[in-house]
Every structure is written in structure tokens, then in C-alpha cells.
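J.: Kindly generate the corresponding structure for this input.
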Amino acid sequence: MPDSFSSQEPAVVRSVEIHPDAVNNGAMLRERPDQRRASSLRQARSQRAVNLGLAANIILALLKTSVGILGHSPALLAEGVNSSSDVAYYLVVAVFMRLSIKPADESHPYGHSQLESIASLVVGAFILTTGIAVFWDSINNVFDLVSGQAASTGASLLALWIALITVGAKIVLYGYTRRLGSQTNNPAVSALAYDHRNDVFSASAASVGIFLGREGLPWVDPLVGALVALLILRTGVEVLRQSSAELMDAVPSEELAQQITQLATTIEDVKSVEEVHAHRFGPYIVVNLTIGVEGGLSVAAGDCISTEVENLIYEHLDLVRRVYVHYHPVTYPQPCQTS
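T.: Have a look, this model is predicted:
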């Protein structure tokens with residue numbers, strides 16, 4: 001029997017009947033009370049990651065921009081501009097996150113959780129744009145300094161301290177946001193964690209550049225910035241790849257297919273598992289399953305087996321919110337008559 005995802009969609013003949021109390025506001029996704037509590041906790045954690053990052057970036061943008069101008073530090077000023085752009089797309093992500101928690105409706109029977117992947121796509125696009133801008137600016141600055149078209153008198157000591165404080169703050173934010181991303185399985189939160197990590201790299205480069213600029217080596221600042229930009233570009237491409245895969249409905253892992261197959265075959269009347277399809281809707285999963293049963297069973301008996309399979313999957317796989325089971329005979333008491 002195949003235990004991997006087939007490329008063809010199985011026919012769906014029934015799904016488990018759900019009591020109205022088992023769903024949220026008429027949604028078509030099945031949730032137990034403990035799953036609803038977990039969803040609420042997930043939403044609160046995701047919103048906390050966005051709000052914390054937004055507040056931190058507003059403070060850092062004001063500090064780095066003002067000290068960069070007053071302290072004659074182009075590197076810190078560039079960091080301030082970077083934090084200002086972070087504020088802009090954090091606001092966009094916050095809007096998407098609020099929209100993603102809207103309950104399911106007739107037009108969106110599986111809810112609005114896909115907006116989390118769209119928010120992640122927005123973050124990835126901003127990261128990629130930032131990386132390109134930083135790389136281009138750094139190369140231009142290296143050329144200007146080496147050719148003698150520009151000169152640096154060195155930044156103030158305060159600028160160095162602000163850059164170092166930024167590094168420390170972003171390390172803390174990266175660790176905290178990454179943990180929330182793992183707990184919530186929210187692609188947007190994970191993308192924000194990657195962005196914090198990029199800020200650690202860029203602020204570290206700015207710190208090195210400011211320090212060496214004060215020591216008479218101003219060209220090191222933009223050179224290190226160009227190297228950091230390559231890391232930022234790589235992160236942006238990875239975030240875009242992951243979020244695009246979710247939006248394109250890439251199949252879940254082989255491990256999930258095996259789990260579903262193993263659960264179904266623990267039921268004695270399930271003789272085979274022919275196909276398993278699973279589709280993501282935000283963090284949740286909708287499963288389409290084809291099983292084989294004895295050909296001599298009645299339709300009602302097959303329906304009971306299907307219900308048993310569905311309930312078993314719901315019970316053991318917390319992220320599954322809907323299961324459709326198609327069953328067909330693996331033995332035929334009488335051959336099918338064809339015209």
C-alpha cells in the first residue's frame with residue numbers, strides 16, 4: 001500500500017457529522033475545546049511577538065537615526081533607516097495577523113489562517129529588498145572611500161555604544177521570537193525571528209565598522225556591510241521559499257503520511273490505505289484519505305468504519321481540523337457489470 005502522498009486527489013464521499021457546538025462560529029473546521037484553547041493561546045503568543053518587535057523597532061529607529069546624524073556615523077544612520085523600514089512592515093504584519101484570526105465563513109470555510117503565510121511573504125520581500133539595498137550602498141561606499149571621493153572623520157563613542165546595545169537587544173528578541181515561532185508554528189512569527197537575526201548581523205557589522213573607523217580604517221565598515229548583506233539576501237530567499245510553498249499547498253511531510261496510515265490500519269476492518277492527501281490551511285491540516293474495506297460490507301457498515309477512522313485521526317493528530325474518507329471494496333463478491 002502506498003504510504004506517501006499521491007499526485008491525484010481522491011474522491012470524497014463523506015465526512016464526519018459535526019455537532020454545531022464543536023465548531024467556532026459556524027466554521028467548518030472541527031475543534032475540540034482543548035484545541036480551541038490552544039488556538040487562542042497561539043494567537044496571543046503570535047500577537048505578542050509582533051507587538052514586542054514593533055515597540056523595540058520604534059525605539060531603536062529613533063535612537064539610531066538621531067545618534068547617527070548627531071554622532072556623524074553613516075553606518076548607524078543606515079541602521080536607523082533599516083529599523084524604520086522594519087516598523088513599516090511590522091505594521092503590515094500586525095494587520096494580517098489580526099485578519100487571520102477571523103472565524104470561518106461561507107466564502108472561507110477553512111478560516112483565514114492562510115493570511116499568516118501572506119504576512120510571512122511580506123516579511124521575506126522586505127528582507128530581500130533590505131539586503132539588496134544594503135549590498136548596493138556598501139559597495140558604493142567602499143568604492144568612494146578607496147578612490148578618495150569620500151572621507152570619514154570617525155563616529156562618536158555614543159554611536160558605538162548604541163550599535164552595541166542594538167546587538168544585545170536583537171539577540172534577546174531573536175531568541176524570544178524564535179521560541180514563540182516554534183511554539184505557535186506561525187510562519188509570520190518565524191520570519192520575524194529571522195529578521196531579528198539579520199539585525200544582529202547588520203548591527204554587529206556597524207559596530208565593527210564604527211570602531212575601526214575611529215581607528216582610521218573607515219573602509220572596513222562598508223566592506224563588512226556588503227558581506228552581511230549577502231547573509232540577509234540568503235535569509236530573504238529562504239523566507240520567501242517557505243511561505244510560497246505553503247501558499248502553493250505543498251504536501252506535508254512523509255512522516256505525517258505514515259502517521260495517518262499507521263493510525264488507519266490499526267482498525268481491523270481497514271484492509272488497505274490507498275491514498276493520503278493533506279492540505280495546509282495556515283497551521284491546520286485537512287486530510288483526504290482513501291481506504292479499502294471488504295467488498296461484502298453494506299454501505300452503512302462502510303460508513304461506520306469511515307467514522308471510526310476519522311475520529312481516530314482527530315484524536316491523535318492535534319493539527320488536523322477536517323478529515324474526508326473515501327472507501328471502496330478491496331474484494332468483489334460479484335464482478336462489476338459494464339455495458
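J.: what helix or strand is Val325 on?
T.: strand 320-329 (DSSP states H and E).
J.: and that strand, what's its mean pLDDT?
T.: Here strand 320-329 scores 84 as its mean pLDDT.
J.: which of the residues in it are buried?
T.: 320-327 (16 or more other CB atoms under 10 Å). To be clear about C-beta, it is placed using only N, CA and C from the backbone, and glycine gets the same treatment.
J.: What strands line up against it, and which way round?
T.: The sheet places strand 320-329 alongside strand 14-15 (antiparallel), strand 284-293 (parallel), with pairing taken from DSSP bridges.
J.: if we can go back for a sec, for the buried residues of strand 320-329, which two are the farthest from each other?
T.: Greatest spatial distance among the buried residues of strand 320-329 (CB to CB): Arg321 and Tyr327, at 21.1 Å.
J.: remind me which residues of the stretch 1-150 of the chain are low pLDDT?
T.: For the stretch 1-150 of the chain, the stretches with pLDDT under 70 are 1-36, 109-111, 148-150.
J.: all helices for it, in order.
T.: Remark: helices assigned in the stretch 1-150 of the chain by DSSP state H, counting those that start in this stretch are 33-70, 74-100, 114-147.
J.: What's the separation between Val330 and Gly295?
T.: Distance from Val330 to Gly295, counting by CB to CB, to the nearest Å: 7 Å.
J.: With Asn311 instead?
T.: Asn311 sits 24 Å away from Gly295, going by CB to CB.
J.: Report the buried residues of stretch 89-108.
T.: 89-90, 93-94, 96-97, 100-101, 104, 108.
J.: Please disregard the earlier target; I meant stretch 66-81.
T.: Within stretch 66-81, the residues scored as buried using 16+ other CB under 10 Å are 67-68, 71-81.
J.: Using JSON lines, lay out those residues together with distance to Glu268.
T.: JSON lines is the format used below for the buried residues of stretch 66-81 (distance: CB to CB, whole Å):
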{"residue": "Val67", "distance to Glu268": "72"}
{"residue": "Gly68", "distance to Glu268": "71"}
{"residue": "Gly71", "distance to Glu268": "75"}
{"residue": "His72", "distance to Glu268": "78"}
{"residue": "Ser73", "distance to Glu268": "73"}
{"residue": "Pro74", "distance to Glu268": "73"}
{"residue": "Ala75", "distance to Glu268": "69"}
{"residue": "Leu76", "distance to Glu268": "69"}
{"residue": "Leu77", "distance to Glu268": "71"}
{"residue": "Ala78", "distance to Glu268": "67"}
{"residue": "Glu79", "distance to Glu268": "64"}
{"residue": "Gly80", "distance to Glu268": "67"}
{"residue": "Val81", "distance to Glu268": "66"}
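J.: Which residues are in contact with the closest residue to Arg48 other than its chain neighbours?
T.: In space, and not counting its chain neighbours, Arg48 is closest to Leu180: 6.9 Å by CB to CB, 6 or more residues apart in numbering. By CB atoms under 8 Å, 6 or more residues apart in numbering, the contact set of Leu180 is 45-46, 48-49, 186, 189, 193.
J.: would you list those residues in JSON lines and tack on distance to Leu227 and neighbour count?
T.: JSON lines is the format used below for the contacts of Leu180 (distance: CB to CB, whole Å; neighbours: other CB atoms under 10 Å):
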{"residue": "Arg45", "distance to Leu227": "34", "neighbour count": "16"}
{"residue": "Ser46", "distance to Leu227": "32", "neighbour count": "26"}
{"residue": "Arg48", "distance to Leu227": "33", "neighbour count": "15"}
{"residue": "Ala49", "distance to Leu227": "28", "neighbour count": "27"}
{"residue": "Asn186", "distance to Leu227": "30", "neighbour count": "27"}
{"residue": "Val189", "distance to Leu227": "27", "neighbour count": "30"}
{"residue": "Ala193", "distance to Leu227": "22", "neighbour count": "23"}
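J.: farthest pair in the buried residues of stretch 66-81?
T.: Largest separation among the buried residues of stretch 66-81 by CB to CB: His72 and Val81, giving 15.8 Å.
J.: returning to that earlier point: specify which member of the contacts of Leu180 is nearest to Lys271.
T.: Minimum distance to Lys271 across the contacts of Leu180 is 39.2 Å, recorded for Asn186 (CB to CB).
J.: Quickly note the distance from that closest one to Ala104.
T.: Asn186 sits 18 Å away from Ala104 when distances are taken as CB to CB.
J.: residues near Thr261, how many?
T.: 19 (other CB atoms under 10 Å).
J.: Point me to the helix or strand that includes it.
T.: Applying DSSP H and E, one finds Thr261 within helix 254-265.
J.: gap between that helix and the chain center?
T.: 24 Å (CA atoms, centre = their mean, to the nearest Å).
J.: do the same with stretch 173-183
T.: Stretch 173-183 sits 12 Å away from the centroid of its parent chain (CA atoms, centre = their mean).
J.: quick one: contacts for Ala75?
T.: Ala75 touches 68, 155, 159, 163, 205-206, 209-210, 213, 221-222, 225, counting by CB under 8 Å, 6+ apart.
J.: Quick check: nearest residue in space to the spatially most central residue of the chain, chain neighbours excluded?
T.: Central residue of the chain (CA atoms, centre = their mean): Pro187, 1.0 Å from the mean position. In this structure, Pro187 finds its nearest non-sequential neighbour in Ser120, 3.9 Å apart by CB to CB, 6+ apart.
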